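Asker: this is a predicted model, with the sequence first.
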Amino acid sequence: MESTERSWRTDALCRDTDPDELFVRGADQNRAKIVCMGCPVRTECLAEALDSRISFGIWGGMTERERRALLRRRPDVTSWAELLESAKRDFAGAAVS
């Protein structure tokens, strides 16, 4: 798992961004989320934050408040990585059809 984690982090658009820009509050969060738009590993990043219950910062284009709300709405999910990867595959398959 660690090698997979390293590989998605290597491809993240924010890898060269000052981390302080992703751990902000209020209106600054909307600006920070822009970094995530179009990121090739946004799904993997979000899954990491959800599965690890990361409390702070912008991850996968979601704020901590948005992630907490999602976790409350879906307490049945045992692996966000599996769920999001499956959804990503299904979407890609539907887009090709």
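Answerer: Cool, the structure landed.
Asker: pretty sure C45 sits against C36.
Answerer: Yes - contact criterion Cβ atoms under 8 Å: C45 and C36 qualify, at 7.4 Å. Where C-beta positions appear, they are placed from N, C-alpha and C, glycine not excepted.
Asker: pretty sure P40 sits in a strand.
Answerer: No - under DSSP: H, G, I helix; E, B strand; the rest coil, P40 falls outside any strand and is assigned coil.
Asker: what's around it, how many residues?
Answerer: The number of residues packed near P40 is 10, by other Cβ atoms under 10 Å.
Asker: hmm, D11 and it touching each other?
Answerer: Yes - proximity of P40 to D11 meets the contact threshold set by Cβ under 8 Å, at 5.5 Å.
Asker: list the contacts of the spatially closest residue to C36 that is not a sequence neighbour.
Answerer: Computed as Cβ to Cβ, 6 or more residues apart in numbering, the closest residue to C36 that is not its neighbour in sequence is G61, at 3.6 Å. Counting by Cβ atoms under 8 Å, 6 or more residues apart in numbering, G61 touches 33, 36-37, 39, 42, 46.
Asker: over to A95?
Answerer: No contacts exist for A95 under Cβ under 8 Å, 6+ apart.
Asker: roughly how far apart are it and C39?
Answerer: In this structure, A95 and C39 are 18 Å apart, going by Cβ to Cβ, to the nearest Å.
Asker: let me see the mean pLDDT of the longest helix anywhere in the chain.
Answerer: Secondary structure of the chain per DSSP state H: the longest helix is helix 80-96. The average of the pLDDT scores along helix 80-96 is 86.
Asker: how about stretch 65-77?
Answerer: Computed over stretch 65-77, the mean pLDDT rounds to 97.
Asker: repeat for stretch 42-53
Answerer: 96.
Asker: who's in contact with that stretch?
Answerer: Residues from elsewhere that reach stretch 42-53 (Cβ under 8 Å, 6+ apart): 5, 8, 12, 36, 39, 54, 57, 59-62, 67, 70-71, 77, 79-81, 83-85, 88.
Asker: if we go to 6 Å?
Answerer: With contact meaning Cβ atoms under 6 Å, 6 or more residues apart in numbering, stretch 42-53 is reached by 8, 36, 59-61, 67, 80-81, 84, 88.
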